Every structure is written in C-alpha cells, then in structure tokens.
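Colleague: Attaching a predicted model along with its sequence, questions to come.
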Amino acid sequence: MPEWLEIALRTLLAVVVLFLMTKLLGKRQVTELSLFEYITGITIGSLAAYVSLELDTNWYLGLVSIAVWVGVSLVMEFLQLKSKTARDILDGKATVLIKDGKIMEDNLKKERLTTDELMEQLRKKSVFKAADVEFAVIEPSGDLNVLLTKENQPLTPKHLGIKVAPEQEPQAVIMDGEIMDEPLATIGLNREWLDTELEKLGVAIENVFLGQVDSYGQLYVDLFDDQIKVPEPQKKAALLATLKKCEADLEMFGLSTKEQKTKRMYEQCSIALEKVIDEVKPLLIR
C-alpha cells in the first residue's frame, strides 16, 4: 500500500476514534476543562497524530494508549461524581477574592492574579468599582462570579412586588423557509394555524428565515430580507386594551343610569373586572 494512502486511512481512523472518545467523555470535556482534562486533551491529540503519521512502528499501540488515557479520565470523572474530596483534589476549590467590598490580597496572590487581571475580570461582568461588589469568587474553572451590593443590583419585578408569568421555551416552527412539524405538535398547533398567522403578518413561508412561537402562542418571524420590517404580534396588548375599555364602559353605564339597583350592579361589575385586570396584567404586559 502506498505511504500516502496508508497515512490517509490512519488519519481517518484517528478522527473516528477521537470523535467516539470525545462523545464518551461527555460535553464537559469540551466546555469546562479541569487541569487534568486539559492535559488529557493535549495528550490524546498528540497520540492521534502519532497514529496518523508514524509508519515505522506498530500504529495500533497508539490506539491502546488513547484507550488507557480515556479509561483513566472516566475513572477520574466517576471519582469526582462520588466524592467531594476527589473533586477538591482534581478540580480544586473556589477562592474568595472580594468580600464586603474589600479585596482579599492574600487570596489574590494564592491564585497568582494581579490587580489588573482582577479588574479585567470585573469589567467583563460590567463592574468597574471593586467597592460595588459584595462578594466575588473565582471558580475552579477560572470564571469569576460576582454578587453586587444591594444598592447596585439591577431592579427586577420581584423588587417592585410585581408578579410576572413564567416563560416557557420558545419553539422554532420555521427554519430556512421550512415548517418544523415536531415543534408545532409540541405546543399543540398545526400548519393551518401557522398559515393563518403568516397571512396576518403578510409574509410568505418561503421568505421566513426563522419563525418562533412563544409560550403565549404568538408568532415572531425573521425574514431573509433584513430590509423588510414585520409588525410584532399585538394580541396581548389588544386584549388588555379591550378589558380596560370594558371597565370604562361599565363605569360610564353606572354613571349614566338613575336606577340605584342597576347603578350598584354596574359598579360591582366594574370593581370585579378591575380585579381581573390587575391579576392578568402581568401576563399581558410582557
């Protein structure tokens, strides 16, 4: 067999083996590498290159070495899942860098971080003053997590005492101009409904790059042509406006009648509808 063909076949074999081994090790091997996993990744890559190019020795020995490294990695991951002590030894512990707005200089030196590097990490979190930080910790992965002081935390509906409806995952029902039947079925809709919504927007299915349906059944589309503006769905706003109009009409009817019994009935209905509006308003103003 020609050498170039043998190298090509070995390289394809190495690619397949690397893919299978990576799938076996899991996504964490790619997203959050510990020190040992980083070393494992480099070593397995070097062994794959050996399998591809080394013609003078038994190439299958490289596969044996890769299998051993992967086996050791799986054992390490099993130990980390079962033992907190093993996790602390292999991954390390989180280190507090800022507490009550004060920088912990000793911990900073322990992690071999300079003040400039700390400030850079804070700026990545949109924090420009260390005094604004209540608590900051560097994780074993190297990420810096920050808790701002109460007065510097973003305002949320909970702070204002406003109830907000839960949001479910939007479903992509159109991709690249093609209807996705499975997501449609997941939210209990069909193609007829989708055709009706597209007709309301004045959009043809083949012009839609991406179409998503939120948890309230509203369709949002992004077109291939970015110059065309598509109006956003107004179902919730229209419903809220209708409810408020009904409340106003009931108040007006109550003021316009002279019959006391009828007046009280309108007033009671208006108060009841006002309570309903207060309850559903968080669902309709998102």
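Modeller: Thanks, I have the structure now. Numbers count the residues shown, from 1 in each chain.

Colleague: Point to the residue nearest the middle of this structure.
Modeller: residue 169 (10.2 Å; C-alpha atoms, centre = their mean).

Colleague: which residue sits closest to it, ignoring its sequence neighbours?
Modeller: Distance criterion C-beta to C-beta, 6 or more residues apart in numbering; nearest residue to residue 169, sequence neighbours excluded, is residue 215 at 7.8 Å. No exception for glycine: its C-beta is placed from N, CA and C like everyone else's.

Colleague: If you drop the residues flanking it in sequence, what lies closest to residue 198?
Modeller: Closest to residue 198 by C-beta to C-beta, 6+ apart is residue 205, at 6.1 Å.

Colleague: so what's that neighbour up against?
Modeller: Neighbour list for residue 205: 174, 177, 179, 194-195, 198 [criterion: C-beta atoms under 8 Å, 6 or more residues apart in numbering].

Colleague: Pull the most distant pair out of those.
Modeller: Greatest spatial distance among these (C-beta to C-beta): 177 and 195, at 13.9 Å.

Colleague: So these two - more neighbours on which side?
Modeller: Comparing residue 177 with residue 195 by neighbour count (other C-beta atoms under 10 Å), the higher total belongs to residue 177, at 15 against 12.

Colleague: so that one touches residue 208, yeah?
Modeller: Yes - if you go by C-beta atoms under 8 Å, residue 177 and residue 208 touch, sitting 6.0 Å apart.

Colleague: Common neighbours of those two, please.
Modeller: With C-beta under 8 Å, 6+ apart, residue 177 and residue 208 have common neighbours residue 224.

Colleague: Show me what counts as buried in stretch 110-122.
Modeller: Buried residues in stretch 110-122, counting neighbours by 16 or more other C-beta atoms under 10 Å, are found at 113, 118, 121-122.

Colleague: who's in contact with residue 223?
Modeller: 203, 207-209, 230.

Colleague: Apologies, that question was intended for residue 219.
Modeller: If you count contacts by C-beta under 8 Å, 6+ apart, then residue 219 has 173, 194, 197-198, 201, 211-213, 233 around it.

Colleague: Which one of those residues is nearest to residue 140?
Modeller: residue 212 (36.0 Å).

Colleague: shaky segments in the stretch 101-250 of the chain?
Modeller: 160, 162, 164-167, 231-238 (pLDDT under 70).

Colleague: where along it do the helices fall?
Modeller: 105-110, 115-124, 181-186, 191-201, 235-256 (DSSP state H, counting those that start in this stretch).
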